[in-house]
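A.B. asks: for reference, the sequence and a predicted model appear below.
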Amino acid sequence: MTTESLLKRFRISKLMPRIATHAASPGTVNYVGRKREAPVRIQVMEYHEDHFQEKEIKAIGEILPLKNSPMVTWVNVTGVHDTSVIESIGDAYGIHSLVLEDIANTTQRPKLEEYDGYLFAVVKMTYIDTKSGNIIIEQLSLIIGQNYILSFQEKEEDVLNGLRQRIRTGKGRIRKMGSDYLLYAILDSIVDFYFTVLEQLGDRIEDLEETLLKQADQAMLNDIYHLKQDLIFLRKSIWPMREVISSMQHAEHKLITKQVGFFLRDAYDHTIQVIETVETFRDMASGMQDLYLSTISNKMNEVMKVLTIFAAIFIPLTFLAGVYGMNFHVIPELSIKYGYFAWWGVVLTLGAGMLIYFKRKKWL
Amino acid sequence: MTTESLLKRFRISKLMPRIATHAASPGTVNYVGRKREAPVRIQVMEYHEDHFQEKEIKAIGEILPLKNSPMVTWVNVTGVHDTSVIESIGDAYGIHSLVLEDIANTTQRPKLEEYDGYLFAVVKMTYIDTKSGNIIIEQLSLIIGQNYILSFQEKEEDVLNGLRQRIRTGKGRIRKMGSDYLLYAILDSIVDFYFTVLEQLGDRIEDLEETLLKQADQAMLNDIYHLKQDLIFLRKSIWPMREVISSMQHAEHKLITKQVGFFLRDAYDHTIQVIETVETFRDMASGMQDLYLSTISNKMNEVMKVLTIFAAIFIPLTFLAGVYGMNFHVIPELSIKYGYFAWWGVVLTLGAGMLIYFKRKKWL
Amino acid sequence: MTTESLLKRFRISKLMPRIATHAASPGTVNYVGRKREAPVRIQVMEYHEDHFQEKEIKAIGEILPLKNSPMVTWVNVTGVHDTSVIESIGDAYGIHSLVLEDIANTTQRPKLEEYDGYLFAVVKMTYIDTKSGNIIIEQLSLIIGQNYILSFQEKEEDVLNGLRQRIRTGKGRIRKMGSDYLLYAILDSIVDFYFTVLEQLGDRIEDLEETLLKQADQAMLNDIYHLKQDLIFLRKSIWPMREVISSMQHAEHKLITKQVGFFLRDAYDHTIQVIETVETFRDMASGMQDLYLSTISNKMNEVMKVLTIFAAIFIPLTFLAGVYGMNFHVIPELSIKYGYFAWWGVVLTLGAGMLIYFKRKKWL
Amino acid sequence: MTTESLLKRFRISKLMPRIATHAASPGTVNYVGRKREAPVRIQVMEYHEDHFQEKEIKAIGEILPLKNSPMVTWVNVTGVHDTSVIESIGDAYGIHSLVLEDIANTTQRPKLEEYDGYLFAVVKMTYIDTKSGNIIIEQLSLIIGQNYILSFQEKEEDVLNGLRQRIRTGKGRIRKMGSDYLLYAILDSIVDFYFTVLEQLGDRIEDLEETLLKQADQAMLNDIYHLKQDLIFLRKSIWPMREVISSMQHAEHKLITKQVGFFLRDAYDHTIQVIETVETFRDMASGMQDLYLSTISNKMNEVMKVLTIFAAIFIPLTFLAGVYGMNFHVIPELSIKYGYFAWWGVVLTLGAGMLIYFKRKKWL
Amino acid sequence: MTTESLLKRFRISKLMPRIATHAASPGTVNYVGRKREAPVRIQVMEYHEDHFQEKEIKAIGEILPLKNSPMVTWVNVTGVHDTSVIESIGDAYGIHSLVLEDIANTTQRPKLEEYDGYLFAVVKMTYIDTKSGNIIIEQLSLIIGQNYILSFQEKEEDVLNGLRQRIRTGKGRIRKMGSDYLLYAILDSIVDFYFTVLEQLGDRIEDLEETLLKQADQAMLNDIYHLKQDLIFLRKSIWPMREVISSMQHAEHKLITKQVGFFLRDAYDHTIQVIETVETFRDMASGMQDLYLSTISNKMNEVMKVLTIFAAIFIPLTFLAGVYGMNFHVIPELSIKYGYFAWWGVVLTLGAGMLIYFKRKKWL
């Protein structure tokens, strides 16, 4: 199996959760996803209007005192393959076991669930892998409490780094507001990255359109096919985001203030825009595929027609040559003095006549 | 008729209930399904936080006392072709005759119905037959009472065996909870098996994709066709499951506690995920079919074009050979000394010229 | 015009009501449908838990006293082309003139209308004509009162005969219950017959599938086309049935008791199943058509390819034969002793070479 | 530009309102539609259970006293290009300027608007032009007051003539009822004419189906295309009618009595039936197009195959003839006594062999 | 890259907002759109029933006093690339920072947002560029307060010039009404321009239809493709307008009076009509594409068939010529006196026979 098909296998397996766990009891925290070796990293940010502290936690025990911090606390866990870490944090914050199970399972569908005292959200981050140029879709699980957010991501990436930088430098209003605004800021960063991915897809569509008008070949068909597959996967991860943000915004969680509601409405609008752009791109890809297929078939037909006309002209002429190649003892034309030249006259007239006829009929 | 088409005939007949019974009065318990010989098995599990008892019932009379057991009782009937057994159990538990009729009819659509004192659910279990590799869809009828569940399945299978093992060993929270949690556990096991089937379908899709890129042939078309048919059947059985679990969760049955509601929400999410994966697979199968058809047609056209060009080059040359095969008494060129070699010169120049022309036109 | 197209013309005209009456005042009872000669038959069944009486009415006057019968009365009118009969019965039971107009018009869409003191329902019965094997769709109009049902059907058929037999013999619970249960029993019989028709269509689909895998020809295309048309017509008549039964079940008519509500829910489920099966059949028919078209086109292409290769091999060889058929005075090869055999050597090598080349390129 | 394309241009322009007025202030009454010369006609009908009066108004001033007539008054204006007439009537009855603007604009979408004291409805009438056989769609604007209806139509047609005749003769219940029943009667007449148009389209579909089975040619494709375009236009004008009648029926206008509500429900049912028939016809037209395209392509392929086989048989035989036409000095076969006849034996055997082979392969 | 593809690149980039700002804090006003050099223009119109004043603002400070003007004030900003201007105006009127951010971002989706004391609407204006003939889609952001409207457009265009002229001349009711009517008048002007664009598209469709019936070529395919793309973009900008106007109309903003509600309902109807026309045009474009493809394929096939028949007739005749060109020593026919003429007889008979056969088979 080639590397490419391995990659694809991975993408398809992303659609199916918990296969390995169907003999396990629900609520058991089992890691489902690609094998990983990297150690789990726990980063903590605590901030206030005029205070900011960032540290990396080595021992699980350090998490417990954070819960009662008067500041907004953002605990970010990179790597969910070490389920003992998830369970320890879950215990510390009193999280339901089903939530912990969902965090460890990186094939969840984006969703928002309300529990006593906290919200649980699963979203999908997307970005372009700088090395391979592939579109990567990773899961981010969020637990939003009164003054804390716990986030669990699969591996190091840079979707949220811009946001972290903003917190560190204290730019904008982020440090002045609560955990609900932090939630918004995270979602906003994620949706912005969807636009980056769409931009790349838009470039691919434009390149394909240009190629289409110049020189269409078989490779194009594969490109359109892969573009469509990418759009199917992107759509599958962004579509439920709409519901997630919408229910955050409309539901009456006391965790989310009215002021942040304005911001969530904005994020919601952007999500709708991503969805519509994906749909537009799908329409455009289908349109291109149709145009490509008819173009290729038209060109092909043109070639075949010209060649067939070519043959159609020479076949009767060959017959005429064959006639005077016969060995009948008596063929009067053969002994005519300028018979050969007369024959050429007939042949050329006939050939020209057919050419003109075909032109008139607009076959050429 | 071949075995395969017999299998298919069975699958189509699965879509149509009660044909044999249309002269019968509604509420009459008639078995509708494949002929079966195997004796009906009745397994009973009774459990409590610190108690577990499992037995197999031989005489129908043993069922009656179970109803008043203080423990959670799970009566599982394997084989619904012996309608007298269904009727006896129905009498013992006071079940409506329409429910009994539906249990005996293995071609029901998944549904949830509320009756006084109990819920009646019909669901479809799916798994891969280990012998034939086929996808099997079987019906499971469930009656959920205050502290009991009656389940009726068509034949022995292993979808629920993992769950049974969990009850036996007392792992997880199952023995600590009521019949509503048992209901959830059953549904959860069933939905998990859908993922197993989807995994197999995902593998088939990947294999097809790989074949497509390498060597596409007619067999592929049949494979895609059968894949699509399988997806149609799978979709038909999973789609109504969504409503079943949703109405369990949202409706205000006092049989289902709020605590189990959390779990059902989880099962609901997984059902949605199965549905979306089925839809994605359908999109992918359609995409592959389109790509296959255009690939095959492109290749075909390429071959035809090359061959036609081949012929187009030789047909005029043959004409030229024919010209000098004519027997006119006077053909001046024939007596030229190096006429033959000059002829070859003309022919080769012409052939090469046409080749170059076709290359320039990008026909080759 | 052939008999078949006459049949079809009739089916299309079934879609359009009241064309002949557009100059008439609304509420005027005009018969719309095929010309009929058969006399109108009025059958009456009166029953009670321990009483049953069946008679055929000859004079319209006999209907009036039936209205006040203490038993459940089922008046069935076969033939709606004699509008005076409909009007007489309408007068006797105090039915709205719009209802009578709808009864006489056999091209109605299934619907349920509530009037003071009675319900009016239009449904479509379907069955397979035993002679022609065609699917027949007939209209049944029902007026449901407190303890009577008036039914109007176009001609004698056997959809409801099983039910009549059940009433006669007193089997099941029918004689113990009211007119609402009779309504359910009628609907249930009709829906059951839909399954019979679906079974026949299922057989046709299987036969087509088998043919498809063996030997596909043009006739198949017509078969799929007619199958699809039949499904369009079936769908058109079953789809609104869903609403009819649903509104019977959910609306709070005091004519329909809660007990019968359970049964109607069952009939509703079966209607949904019919609808879903029709949709599944449509998907399958489309799938088959696609497969058929690609199969036929693939086969065709294969044939063309082989033949073209055949020609492509012989055309250059013929050229070579032509070369040595030329009459140039000096053609050195001609006088070589084994020239002829050498020529054959060249020709056979070339032919074999091309064959091998085409095989390698997987063109053969 | 041909007459046909002019007609089409008109139809497309029908889709777009008010283009000429975009610099004008909203509420300005500007005529939008085809240029017309015919003078505007104003017909008035006044009636009561036992009174009927019909007159034609010449001077606008005669309209004012009509408003206070105790009878039901139907003022029908034929021709909306003279906007001063519309404005005068509007002033007399106190109609909102937006309504007057909409009346003068014959490209409205069917709609129902409620104003203080009256309802404003725009509907589309359709009928077959007896001269050209074309489907004509005209706009009818209706203002429904307590005891009057003002109607504005584009030109003389016979859609409402049957209704007028009924009022004149006093047949049916029309003269016994109010302006709401008159509204129903108008809508009912319009919907009935839709059925007439559908009947004609049904005939076209049947003719096409018959032709399809006999002899399919290119003209058919154009016919199906025009049929589909006609269905698109018909659908566009009937679809919003559904909402119009539905909101008349459900909304609680005191202008519409409960008794007339029954009749409107009937008109609503017919509208649904028109819509469903249009959809069915679209499905049928698509089905026919598919069948046509595959039939034509199958036939074509058959012809090509036969011809190619024909060529494939003769090309090798011609090669064989070429072989013995060569002038090698030594060709042993040539001097064999019955060589020529042996050659024919070989050729005929080969030809027959190929024929048999192709037959076996089912290529012929 | 050609100019055309640059234009297209721009159109695609229009679908994606805020890409450049994903590292920025939400609420930061960043310009997103094409680079512009032109200076920002601020036009102010103040009016009252009997007062009208128009001026151009040079210094930002002049804006502040406008807010408390007792007249209706329309501040129109042309050019949103100078974000400092937007921020100044925002500060003056107390606008939320998210709104200012959206104004600067010209890739918004049409939407309506309610804030304390004002409404914020984003709409898309469309018009035909007089130079290039292209369809241009520009964003217009509107802030509607108690007695003012702030509008922000990308560049000078003439969509709103007709409205401005009406205000200047005081025609119609505009000067008698408040800022809500001005809002309506703006929306109405915009929707009217959609009809102008649709008219141009309608002309293109008609031209294509005419060409289709006369002479179809490859260029047509590109035209249909571009038409479809234009429709996709137009649909994307008009579709959300429906919601915008609908929520203006239905929501209970005290900023919008009931009287203006009537007018908004009218604008809403026109928006629906634009949407339906776009959908109809898409249906028509698809229909044309189908017809074109089948026409082209039919014509092609006809040509190929005629040519193949041509070849099929001459190939056997050439064989016959080859036969008598062979050099067998004994070929009895050769020495027959009129053998040559007999041969011609056979050949002509055969040729004519084949012609007749092909005609009979309707292959010609």
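C.D. replies: That came in fine, so what should we check first? Numbering: from 1, shown residues only, chains lettered A, B, ... in the order given.

A.B. asks: enumerate the residues of chain A near chain C.
C.D. replies: Residues of chain A lying near chain C by Cβ under 8 Å from any Cβ of the partner chain: A:G325. (Glycine included, C-beta is placed from N, CA and C.)

A.B. asks: and chain A, which residues reach chain D?
C.D. replies: Neighbours of chain D within chain A, by Cβ under 8 Å from any Cβ: A:G325.

A.B. asks: okay, domains of chain A per the record?
C.D. replies: A:3-294, A:304-360 (automatic domain parsing).

A.B. asks: need those domains in CSV (columns: distance to chain B, mean pLDDT and mean neighbour count).
C.D. replies: Below are the domains of chain A laid out as CSV (distance: least, Cβ to the nearest Cβ, whole Å; pLDDT from 0 to 100; neighbours: other Cβ atoms under 10 Å in any protein chain shown):
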stretch, distance to chain B, mean pLDDT, mean neighbour count
domain A:3-294, 3, 82, 18
domain A:304-360, 3, 90, 17
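
A.B. asks: can you lay out those as CSV showing distance to C:E154?
C.D. replies: Formatted as CSV, these follow (distance: least, Cβ to Cβ, whole Å):
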stretch, distance to C:E154
domain A:3-294, 47
domain A:304-360, 57
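
A.B. asks: tabulate these in a markdown table, adding columns for distance to chain E.
C.D. replies: Output for the domains of chain A, formatted as a markdown table (distance: least, Cβ to the nearest Cβ, whole Å):
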| stretch | distance to chain E |
| --- | --- |
| domain A:3-294 | 3 |
| domain A:304-360 | 3 |
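
A.B. asks: C:D207 is nearest to which of the ones you listed?
C.D. replies: Across the domains of chain A, C:D207 has its closest neighbour in domain A:3-294 (33.1 Å, Cβ to Cβ).

A.B. asks: quick check, distance from that closest one to the centre of its chain.
C.D. replies: Chain-centre distance of domain A:3-294: 14 Å, with Cα atoms, centre = their mean, to the nearest Å.

A.B. asks: wait, a strand at A:K337?
C.D. replies: No - read with DSSP: H, G, I helix; E, B strand; the rest coil, A:K337 is coil and lies in no strand.

A.B. asks: is the spatially closest residue to A:G178 that is not a sequence neighbour bridged to anything, and to what?
C.D. replies: Leaving aside its sequence neighbours, A:G178 sits nearest to A:V72 (Cβ to Cβ, 6 or more residues apart in numbering or on different chains; 6.1 Å). With DSSP bridges as the criterion, A:V72 is bridged to A:Y47.

A.B. asks: mind listing what A:V72 touches?
C.D. replies: In this structure, A:V72 makes contact with A:46-48, A:147-149, A:178-179, A:182, judged by Cβ atoms under 8 Å, 6 or more residues apart in numbering or on different chains.

A.B. asks: what strand or helix carries A:S88?
C.D. replies: Per DSSP states H and E: A:S88 is located in helix A:83-93.

A.B. asks: how about residues contacting that helix?
C.D. replies: By Cβ under 8 Å, 6+ apart, helix A:83-93 touches A:29-31, A:40, A:42, A:60, A:63-64, A:67, A:75, A:77, A:79-80, A:95, A:97, A:99-100, A:103-104, A:118, A:143, A:145, A:148, A:150, A:152.

A.B. asks: helices - which of these land there?
C.D. replies: Judged by DSSP state H, the subset of these located in helices is A:97, A:99-100, A:103-104.

A.B. asks: right, and the domains of chain A - which one's nearest C:Y268?
C.D. replies: domain A:3-294 (29.5 Å).

A.B. asks: what are the ranges of the helices in the stretch 251-364 of chain A?
C.D. replies: A:258-323, A:332-335, A:339-360 (DSSP state H, counting those that start in this stretch).

A.B. asks: the last one packs against which elements?
C.D. replies: Contacts of helix A:339-360 with other secondary structure elements, assessed using 3 or more Cβ pairs under 8 Å, 6 or more residues apart in numbering or on different chains; DSSP states H and E, are made with helix A:258-323.

A.B. asks: in the sheet, who's paired with the closest residue to A:I143 other than its chain neighbours?
C.D. replies: The shortest distance from A:I143 to any non-neighbouring residue, by Cβ to Cβ, 6+ apart, is to A:L150 (4.1 Å). Beta bridges link A:L150 to A:V75, A:I143, judged by DSSP bridges.

A.B. asks: what sits against A:L150?
C.D. replies: For A:L150, the contact set (Cβ under 8 Å, 6+ apart) comprises A:75, A:77, A:89, A:93, A:142-143.

A.B. asks: what do you get for A:I224?
C.D. replies: A:208, A:285, A:288-289, A:292.

A.B. asks: confirm that it lies within a helix, as I assumed.
C.D. replies: Yes - residue state for A:I224 (three-state DSSP) corresponds to a helix.

A.B. asks: please report the distance of it from E:M284.
C.D. replies: Distance from A:I224 to E:M284, counting by Cβ to Cβ, to the nearest Å: 25 Å.
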